[in-house]
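Undergrad: Structure, please.
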Amino acid sequence: MEQERIETRSFSSSMGNENDDNNGESKVKSMAVTSKFPLTFWEMAGASGVVFGFAVGLLGIYLTLPDSDYSFLKLPRTLEDLHILRDHLESYTSDYTVQVLVGYCTVYIFMQTFMIPGTVFMSLLAGSLFGVFKGVALVVFAATAGASSCYFLSKLIGRPLILSLWPDKLVFFQEQVAKRRDGLLNYMLFLRLTPTLPNTFINVASPIVDVPYHIFLLATTLGIIPAAYVTVKAGITLGELQSIGDLYDIHSIGTLFLIGIASVTPTLMSKKKT
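TA: Just a heads-up that it's a prediction; the model follows:
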């Protein structure tokens, strides 16, 4: 009888350990079941309202420009597209500076909000049109605003999207954020400075794993400055750029990693002391 009790306890213990190991996975699966598409009416209405707002803004900018052939206005996908866009916009930038700036920011923020690839070309364009100082300020502002817009849009409708695209990354990110609550700003800075996780994923996942917006905002603003500087500076010598891969050589990537490691060092040192 006593042996049966011992066997029963050991079986229950092993089942408990197995349940603990699968706890994170089961949580994600249950979230996926309760968060599948289709979105609710109000979620779709909110997302559609954001798209409509961007469309109205771009239309207003377009209508204030002089009559001309604007067939060159398209999102650059290659360096050749970027050269064509830069050559045409140079003639407008001096006479219609406000329209070009507002149009640039609106397009950049739109791309960041809806995870449209190609913002690296927009950063190169900023350097080519406005120089290093103004270009970096413009890119940091637009990228931060776009990331913030994506953050709040994800808070509204992002859960089913991220569960379907990046379930494994979401589990990893959630665990890391939970472990680093005391030094979360340093950790978020590290992520922004290094290619540990894609920036698009960070923008969408942060509200899902309860990263406070003030930490998200500060880490984004500070963290994108080094990469923005590298890209904007390359835009000044756009004609010498052969490919996008030339932007980030081993030296540039190593520098970003060193800055990223420096950002998490205070947190690591504080843990050792405690």
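Undergrad: residues near Gly118, how many?
TA: 16 (other CB atoms under 10 Å). Backbone N, C-alpha and C define where each C-beta goes, glycine included.
Undergrad: where does it fall, phi/psi-wise?
TA: Main-chain dihedrals, Gly118, degrees, to the nearest 10: phi 120, psi 10.
Undergrad: In contact with it, which residues are there?
TA: 75-77, 111 (CB atoms under 8 Å, 6 or more residues apart in numbering).
Undergrad: ditto for Gly135
TA: Applying CB under 8 Å, 6+ apart to Gly135 gives the contacts 123, 126-127, 129, 232, 235.
Undergrad: Pull out the buried positions in the helix or strand in which Gln99 is found.
TA: Gln99 is part of helix 97-113, with elements assigned from DSSP states H and E. Buried residues in helix 97-113, defined by neighbour count with 16 or more other CB atoms under 10 Å: 99-113.
Undergrad: now swap in stretch 169-177 and tell me
TA: For stretch 169-177, the buried set under the neighbour-count rule, 16+ other CB under 10 Å, comprises 170, 173-174, 177.
Undergrad: need the longest helix for this protein.
TA: helix 119-165 (DSSP state H).
Undergrad: And the next helix or strand past that one?
TA: Counting by DSSP H and E, the element after helix 119-165 in chain order, helix or strand, is helix 167-179.
Undergrad: From the contact counts, what lies against that following helix?
TA: Packing contacts for helix 167-179, counted by 3 or more CB pairs under 8 Å, 6 or more residues apart in numbering; DSSP states H and E, involve helix 23-34, helix 184-193, helix 199-205.
Undergrad: ok, now with 10 Å
TA: helix 23-34, helix 119-165, helix 184-193, helix 199-205 (3 or more CB pairs under 10 Å, 6 or more residues apart in numbering; DSSP states H and E).
Undergrad: Ile84 reaches Glu90, doesn't it?
TA: No - contact between Ile84 and Glu90 fails when scored by CB atoms under 10 Å: they sit 11.3 Å apart.
Undergrad: out of those two, which sits in the more crowded spot?
TA: The neighbour count for Ile84 versus Glu90, taken as other CB under 10 Å, is higher for Ile84 (15 against 12).
Undergrad: Look up which helix or strand the more buried one falls in, please.
TA: Using DSSP H and E, Ile84 sits in helix 79-93.
Undergrad: before we move on, the earlier item: which among the helices and strands packed on helix 167-179 is found nearest to Ile215?
TA: Among the helices and strands packed on helix 167-179, helix 184-193 comes nearest to Ile215, with 5.2 Å by CB to CB.
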